[in-house]
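S.K.: sequence and computational prediction follow.
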Amino acid sequence: MDITTWGLVALAAAALLVGFSKTAVNGANTISLAVFAAVLPARESTGALLPLLLVGDVIAVITYRRHAHWPTLLRMFPAVAVGVGAGTLFVAWAGDTTIRRSIGAILLFMVAVTLWRRRVAARAAARDEDTAQDEDEDENAMRGEDAPGAAGTGKARLRAQSYGVAGGFTTMVANAGGPVMSLYLLSAGFRKLGFLGTSAWFFLVVNAFKVPFMVGLDLINADSLKLDAMLALAVVLGALVGRAAVTHINQRLFDRLVIAATVIGGLQLLLR
């Protein structure tokens, strides 16, 4: 790949942010995918970014593996597989501009839906807010419809399947499933550690599942892997910084950072 020195610096910064997003503010790596798409051709950028995401996923799972909520994951995986299949067909057909704008539009739509749902839920649960903020994160990682006691409700299943298809599609097309998954977990009321643990396992499994499809589309190849080898250390450093920072980020700020990162990433993809 013919990359300038400044282009390589930009990719290294984006790789650092990949690691940070995996252990601190999940969804922040939408900025990374925008940087990769700016430096590299959009289609090829997805293959170059995927192995770096997997490096971050492994670190995130090691860090937060005890906090995953498996009923939620098992509900989503079949729908995600459908989305990945649809995304594969879309990538094989669509051009760079179509891919970027489609993902940007999806992300912004998801933000709007999530903010509306959270506003309605906040009004209904306002009297319980103080108590909820004091819940122990290790023992009470969730609340609302997707808490363990409500895992089988029809409404929760439908929402999980909807976000699962959208997440599978966006993660296959542009490695942009992070914001979709983040918005789903926020709308379901996941607390910080439950959020990070569940998303860590989710993306390790889903990103590994995507590898054969990316290889089949020739988006992961010898050239992209050479670039990944140069950038992998930046992912590790970013993950270590994120792990140190996450304990200093309160829940309200955490939620706002995730949503802000999603909006920024969506606008960059849509308007570029």
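M.R.: Done, it's in. Note that this is a predicted model, so its numbers are computed, not measured.
S.K.: residue 32 contacts residue 15, doesn't it?
M.R.: Yes: between residue 32 and residue 15 there is a contact under Cβ atoms under 8 Å: 7.2 Å. (Glycine included, C-beta is placed from N, CA and C.)
S.K.: pass me the low-pLDDT residue ranges in the stretch 101-250 of the chain, would you?
M.R.: 103, 106-107, 110, 113-114, 117-118, 120-122, 124-154, 156 (pLDDT under 70).
S.K.: show me where it has its helices.
M.R.: 129-133, 154-174, 177-187, 192-216, 222-246 (DSSP state H, counting those that start in this stretch).
S.K.: how about those helices in JSON lines, adding mean neighbour count and distance to residue 99?
M.R.: Shown next, in JSON lines, are these (neighbours: other Cβ atoms under 10 Å; distance: least, Cβ to Cβ, whole Å):
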{"stretch": "helix 129-133", "mean neighbour count": "10", "distance to residue 99": "39"}
{"stretch": "helix 154-174", "mean neighbour count": "22", "distance to residue 99": "6"}
{"stretch": "helix 177-187", "mean neighbour count": "27", "distance to residue 99": "14"}
{"stretch": "helix 192-216", "mean neighbour count": "21", "distance to residue 99": "14"}
{"stretch": "helix 222-246", "mean neighbour count": "18", "distance to residue 99": "17"}
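S.K.: save the ones you listed as a markdown table, and put in distance to residue 54 too.
M.R.: As requested, these are exported to a markdown table (distance: least, Cβ to Cβ, whole Å):
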| stretch | distance to residue 54 |
| --- | --- |
| helix 129-133 | 34 |
| helix 154-174 | 12 |
| helix 177-187 | 13 |
| helix 192-216 | 5 |
| helix 222-246 | 9 |
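S.K.: closest to residue 81 out of the ones you listed?
M.R.: Closest to residue 81 of the helices of the stretch 101-250 of the chain is helix 154-174 (Cβ to Cβ; 6.5 Å).
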